[in-house]
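*Asks:* sequence below, structure please.
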Amino acid sequence: MNLYKVGEAMLTPGLGLPPVFNPVLSRKKDFHAAPAFGTVFPCISTRRAPFDNVLLRYALNMATNKKVLADFMGHGHEPACSLIAPLPQYAQPDSLKIDVDGRSYNVLAFDVEGARSLLAKSGFPGGVGHGGGRLEVPYHLPMVSDARKDEILQKQWRQNLNIRVNLIPREFNVHWRMVLEADYTGVAEYAAFPQYLDPNGFLDQFPTDSRGNPSGWSDPAYASEVASANTILNRTERLKQLAACEKRLLKAMPFLPFFHCAFGFLCKPFVRGLASHPFDVRAFKYVWIDTNWRPQ
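*Replies:* Model prediction:
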């Protein structure tokens, strides 16, 4: 940011613009926003109690106001119900009804009362366990500039579920290695930005034999369905089958879909030929400097 301000840099990357700058930068003519093919979805350690209980995972998702998180991130971020970022011809699941003890819950919706009900059914009525202690949720995060987002989440879960959220920051590479090995308890910050426009870039992280499965969740039937869908040559039918795979994955909920991402970046007005790109890959051979440009 300092290099850009003094004229030593003409362009900033699409990822990494600190959200704290949004209120000021979004009013500048140098500021640009573009959709990104990426989603932030913290993962849950499904092999370790009490997070092996899917009802608890549903409660955490339903108690999260994703719009507030997306608004904090700014410049085009959109609250997410599902894992896969918006994609032409792909029908994202926007609801998922689950029946528990004769009551139907839409586990993809923001529903505080429903979240409290499922939390109680998971063994933590009012956020308190059978031993009398409040549920404590470790929340692992990398030390990056948007960490205040996690403080917003901490407050939401405390108010909506009466649970304690312990924020545990780590150096970025250490955090990423820990999550990819599923070597943690609780919830861990995670995101995916596939380098090709296809749902498989999101879905292939969770099959049983997948390396780097970030939650430890596995289901041989899910892995088989994803593999089968990817053998279909007709694009419409293939996307339909992959949507069914995503729905199966959401029913297990080994992650919490928070928001679909956008790129926000600064670019000097005399830099020409730089098109937006859903992967933030810049084709610099088409970029040129307009030497005739003058400030108005």
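*Asks:* now the longest helix seen in the chain: buried residues?
*Replies:* As assigned by DSSP state H, the longest helix anywhere in the chain is helix 235-252. Residues 238-239, 241-243, 245-246, 248-250, 252 are the ones in helix 235-252 that count as buried (16 or more other Cβ atoms under 10 Å). Where C-beta positions appear, they are placed from N, C-alpha and C, glycine not excepted.
*Asks:* okay, and Glu151 sits in which element?
*Replies:* Element membership of Glu151 [criterion: DSSP states H and E] is helix 148-161.
*Asks:* quick one, helices of the stretch 1-150 of the chain?
*Replies:* Taking DSSP state H, counting those that start in this stretch to define them, one finds helices in the stretch 1-150 of the chain at 2-5, 22-25, 54-62, 66-73, 112-121, 148-161.
*Asks:* and the next helix or strand past the helix holding Glu151?
*Replies:* Following helix 148-161 in sequence order, the next helix or strand is strand 164-170 (DSSP H and E).
*Asks:* give me the angle between that next one and helix 54-62.
*Replies:* Counting by axes from the mean of the first three to the mean of the last three Cα atoms, to 10 degrees, strand 164-170 lies at 80 degrees to helix 54-62.
*Asks:* so what's His75 closest to, chain neighbours aside?
*Replies:* Leaving aside its chain neighbours, His75 sits nearest to Gly264 (3.4 Å; criterion: Cβ to Cβ, 6 or more residues apart in numbering).
*Asks:* any idea how far the helix or strand hosting the one you found is from the chain center?
*Replies:* Under the criterion of DSSP H and E, Gly264 resides in strand 259-266. Distance, stretch centre to chain centre, for strand 259-266: 12 Å (Cα atoms, centre = their mean, to the nearest Å).
*Asks:* in it, what's buried?
*Replies:* Buried, per 16+ other Cβ under 10 Å, within strand 259-266: 259-266.
*Asks:* out of the buried residues of helix 235-252, who's nearest Trp293?
*Replies:* Using Cβ to Cβ, Leu239 comes nearest to Trp293 of these, at 43.5 Å.
*Asks:* ok, how many other residues are close to the closest residue to the closest one other than its chain neighbours?
*Replies:* Once flanking residues are discounted, Leu239 sits nearest to Tyr90: 5.0 Å by Cβ to Cβ, 6+ apart. Neighbour count for Tyr90, taken as other Cβ atoms under 10 Å: 20.
*Asks:* what's the spacing between Tyr90 and Leu197?
*Replies:* Distance, Tyr90 to Leu197, by Cβ to Cβ, to the nearest Å: 10 Å.
*Asks:* quick one: which of the buried residues of strand 259-266 is nearest Gly7?
*Replies:* Leu266 (11.9 Å).
*Asks:* I'd say that closest one and Asp30 touch.
*Replies:* Yes - using Cβ atoms under 8 Å, Leu266 makes contact with Asp30 at a distance of 4.8 Å.
*Asks:* mutual contacts of those two, please.
*Replies:* Common contacts of Leu266 and Asp30, defined by Cβ atoms under 8 Å, 6 or more residues apart in numbering, are absent altogether.
*Asks:* hmm, Cys245 and the residue nearest to Leu239 touching each other?
*Replies:* No - Tyr90 is beyond contact range of Cys245, at 11.7 Å (criterion: Cβ under 8 Å).
*Asks:* that'll do, ta.
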